[in-house]
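Please find the sequence and the predicted model below.
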Amino acid sequence: MTTLSQVDLDPDRDYPLAARRPELLKTPTGKRLDELTMQAVLSGDLAPEDLRIAPETLRLQAQIADRVGRPQLAQNFRRAAELTALPDELVLSIYNALRPRASTKQELTDIAEQLERDYSASLCAQLVREAADVYERRNILA
Amino acid sequence: MTKQSRRTEILEQRPVNLDGFVEEWPEVGMVAMDSPYDPEPSVRVEDGLIVEMDGKPRAEFDFLDQFIADHAIDVATTEQAMAHPAVEIARMLVDPAVSRGEVLDISRGLTPAKLLEVVKTMNVVEMMMALQKMRARRTTANQAHSTSARDNPVQVAAEAAEASLRGFRELETTLGVVRYAPLVAIALQVGALAGTPGVLTQCALEEATELELGMRGITAYAETISVYGTEPVFCDGDDTPWSKAFLASAYASRGIKMRFTSGTGSEVQMGNADGKSMLYLEIRCILVTKGAGVQGLQNGSISCIGVPGAVPAGIRAVLAENLIASTVDLECASGNDQSFSHSDMRRTARLLPQLLPGTDFVCSGYSAVPNYDNMFAGSNLDSTDYDDWNVIQRDLQVDGALRHVPEAEILAARGRAARALQGVFAQLGLPAITEKEIEAATYAHGSKELPLRDVLEDLKAAQSVMDRGITGLDIIKALEASGFTDMAHSLLAVLRQRVSGDLLHTSAILTPELETLSAVNDANDYAGPGTGYRPSGARWEEMKRLRHVVSARNPEQEVG
């Protein structure tokens, strides 16, 4: 069986994915696009979690971004794929911790470790570590 | 008193003389794009790392320099790209025989000072030629503000419906009283659905709150994610390039489209321009955006337009910022969104450099309400300018993405929006909307013509929307239960977009047919005369219609 990470996308042929490759798309709760119906909304079978993007989908979109020459956008999608696993409150709290003079170097290092340990979010952890170094050099740690 | 000529008296009374103009003062950054204190372009790479940029060694990089050097600039090609003389790159930008892709191959390796040097060789007509080619999406679009001086949700809904019907693909709101946000954001969403399907909505708020409304599916995208061109001002905005890059990924992780916002003049206005020109600092913002992996940028001075507008060549610099955003392959929502001049001639002249070549969003806030109701402090164009806009489109055969809509259709959509909001509020247990309010919102020009609401009750209800965790799904259910089935379906279709992430790509919009159009499947293919997007067929026929057009055979008869 081909896993999603092995799917080879051609932007001209496959984008937009919802119209051209719906079979590749699933919500993080395992639902297909054609299951996201009005009937499901009204019967209460659809929760807000069902209208989220799955990490696999973000990695497919990253592949498309790379193929149309947008590596930074692709990298953003890959960081985003990692963040799909984090609860909203944690995402907001990490954002707030990254504001200037909001955190000590240790606090940022701890966040990076938590991202790696609990969520396998190595790209995001790398971003936070990089911030910690720059903040130290530019004197904007707490 | 010295005797004055009648001519001088008349000129003194012209609206343009109410505008503010000021001399250049490069030492404090009061200079548009030509400062003796801007750095000379340079780059040096060692072991795959940029160790010098624009005359500064890496050890002296501020946080913007470092972010740009490590994330925005293509290290592999930068030395080669920088070797091209600025004027040669400018000629490539203007020459239709050079493709957009060929320009991107070079622009991905350019430093801020080099990009500045390139645009400094160009006049506004050359910049417009270049923008026509470098805009990311082939088809142009437009964005409107729908706000209310009284934060009246019924008015916001009705105006959103009209704006949606007139052709805007994005609608933005903001508040006078911030606590009103949840009700007004719901009103904007519901109202937009009553016009055409697929209009994306946003509510401009403090970053964290804006993200929360987005996560709940009450808004569809975000834009007020501000970045600044100097380190002290960036910190005053309580952010860094890294916090903003993280925020960008946070939005994408929830499938929500977003762009950053920046603009010339913000740093000098916030009192810390580091003695650099406004455009040099703005280019740093553009490259931070690029480096963060954000698909697009709202720029063109935005809320600071009075600053570049007051200095020589300021409006040329504003065009240059839009051009550079497009030249580094970002979606550009190109300003024209803030009151800027008392002179109708001058505000039109400020608009044409974006309208004529076309941008991804010509206005990043055309005021769909009269400017007195515009809570972004007024826009360069407002709801009294609709007919002028449509005539200019028709005169020049240039697609500004709007259309004339007959009165009966507008009234129907406005009324339907207000009635749908009445239903949604009732279903969600929010304060009632009366028949009188619906009638008033349908026929009003602005908030002065609407009955006052009980603000305290509304604010309590707004808080309850947050406390009860109301989401986009609740709005869908409320629309369906109130009998607005088609609108419920459209909203579900918009929310379903999050699952696919197609709207996360550069310059993405939804068409009224709910198809995704972005720089991936609608890439700008302009290559000179006879190519690229030109209004034709059904769209051109639509653009020919105005409020008053008479029959050529019978001048007594209007064909409207």
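Nice, I can see it.

which residues does B:V398 contact?
B:L355, B:L356, B:G358, B:I392, B:P535 (CB atoms under 8 Å, 6 or more residues apart in numbering or on different chains). Heads up, the C-betas are built off the backbone N, CA and C, glycines and all.

How about the closest residue to chain B within chain A, nearest residue that isn't a chain neighbour?
Closest contact between chain A and chain B, by CB to the nearest CB, is at A:N76 (2.7 Å). In this structure, A:N76 finds its nearest non-sequential neighbour in B:G293, 2.7 Å apart by CB to CB, 6 or more residues apart in numbering or on different chains.

so B:L115 is in which element?
For B:L115, the enclosing helix or strand under DSSP states H and E is helix B:112-120.

Point out the other helices and strands that that helix packs with.
Here helix B:112-120 touches helix B:86-94, helix B:278-291, helix B:314-327, going by 3 or more CB pairs under 8 Å, 6 or more residues apart in numbering or on different chains; DSSP states H and E.

Show me what from the stretch 451-560 of chain B comes close to chain A.
Residues of the stretch 451-560 of chain B lying close to chain A by CB under 8 Å from any CB of the partner chain are B:471-473, B:476-477, B:480, B:485, B:488-489, B:492, B:495-502, B:504-506, B:515-516, B:518-521, B:523.

how about 10 Å then?
B:469, B:471-474, B:476-477, B:480-481, B:485, B:488-489, B:491-493, B:495-506, B:508, B:514-521, B:523 (CB under 10 Å from any CB of the partner chain).

now the strands for chain B?
In chain B, the strands defined using DSSP state E lie at B:43-46, B:49-53, B:56-57, B:143-145, B:170-173, B:200-203, B:221-226, B:257-261, B:296-298, B:331-333, B:364-367, B:509-510, B:516-517.

count of residues packed around whatever residue of chain B ends up closest to chain A?
Of all residues in chain B, B:G293 sits closest to chain A, at 2.7 Å by CB to the nearest CB. If you count neighbours by other CB atoms under 10 Å in any protein chain shown, B:G293 ends up with 25.

how many neighbours does B:L428 have?
Around B:L428 there are 18 other residues, counting by other CB under 10 Å.

mind listing what it touches?
Counting by CB atoms under 10 Å, 6 or more residues apart in numbering or on different chains, B:L428 makes contact with B:L183, B:I186, B:A461, B:S464, B:V465, B:R468, B:I470, B:D474, B:I475, B:K477, B:A478.

Which members of those are positioned in helices?
Counting by DSSP state H, the contacts of B:L428 place B:L183, B:I186, B:A461, B:S464, B:V465, B:D474, B:I475, B:K477, B:A478 in helices.

per-residue confidence for the closest residue to the fifth one other than its chain neighbours?
Excluding its sequence neighbours, the residue lying closest to B:V465 (CB to CB, 6+ apart) is B:P182, at 3.9 Å. The per-residue pLDDT reported for B:P182 equals 97.

Pull the contacting residues for B:P182.
Taking CB under 10 Å, 6+ apart, we find B:P182 in contact with B:153, B:203, B:209, B:212-213, B:216, B:218, B:430, B:459, B:461-467, B:470.

Also B:M127?
Counting by CB under 10 Å, 6+ apart, the residues that B:M127 touches are B:90, B:93-94, B:119, B:134, B:316, B:319-320, B:322-324, B:353, B:357.

switch to 8 Å and redo it
B:M127 makes contacts with B:V119, B:R316, B:L319, B:A320, B:L323, B:P353, as judged by CB under 8 Å, 6+ apart.

and the residues you listed, which are buried?
Using 16 or more other CB atoms under 10 Å in any protein chain shown as the burial test, the contacts of B:M127 include B:V119, B:R316, B:L319, B:A320, B:L323, B:P353 as buried.

Pop out the phi and psi values for B:D151.
Backbone dihedrals for B:D151, given as degrees, to the nearest 10, come out at phi 50, psi 30.

Show me the contact partners of the lowest-mean-pLDDT helix or strand in chain A.
Least confident helix or strand of chain A, by mean pLDDT, DSSP states H and E, is helix A:88-97 with a mean of 95. Residues outside helix A:88-97 that contact it (CB under 8 Å, 6+ apart) are A:83, A:86, A:102-103, A:107-108, A:111, A:115, A:128, B:207-208, B:211-212, B:215, B:243, B:246-247, B:250, B:253.

Give me the buried positions along that helix.
For helix A:88-97, by 16+ other CB under 10 Å, it's A:L90, A:V91, A:L92, A:I94, A:Y95, A:A97.

isn't B:L503 right up against B:R496?
No: in this structure B:L503 lies outside contact range of B:R496 using CB atoms under 8 Å: 10.6 Å.

quick one: which of the two has more around it?
Neighbour totals were compared for B:L503 and B:R496, and B:L503 leads with 24 against 19 (other CB under 10 Å).

Report the beta-bridge partner residues of the closest residue to that one other than its chain neighbours.
In space, not counting the residues next to it along the chain, B:L503 is nearest to B:K257; the distance is 4.7 Å by CB to CB, 6+ apart. When assigned by DSSP bridges, B:K257 has beta-bridge partners B:Y221.

Who are the contact partners of B:K257?
By CB under 8 Å, 6+ apart, the residues touching B:K257 are B:L200, B:A220, B:Y221, B:A222, B:Y251, B:Q295, B:L503, B:L504, B:A508.

now those residues in CSV, with distance to B:V98?
Listed next are those as CSV, based on distance: CB to CB, whole Å:
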residue, distance to B:V98
B:L200, 33
B:A220, 36
B:Y221, 33
B:A222, 35
B:Y251, 34
B:Q295, 24
B:L503, 30
B:L504, 29
B:A508, 26
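
of those residues, closest to B:M128?
B:Q295 (23.4 Å; CB to CB).

If anything else comes up later, I'll come back, but that's it for now.
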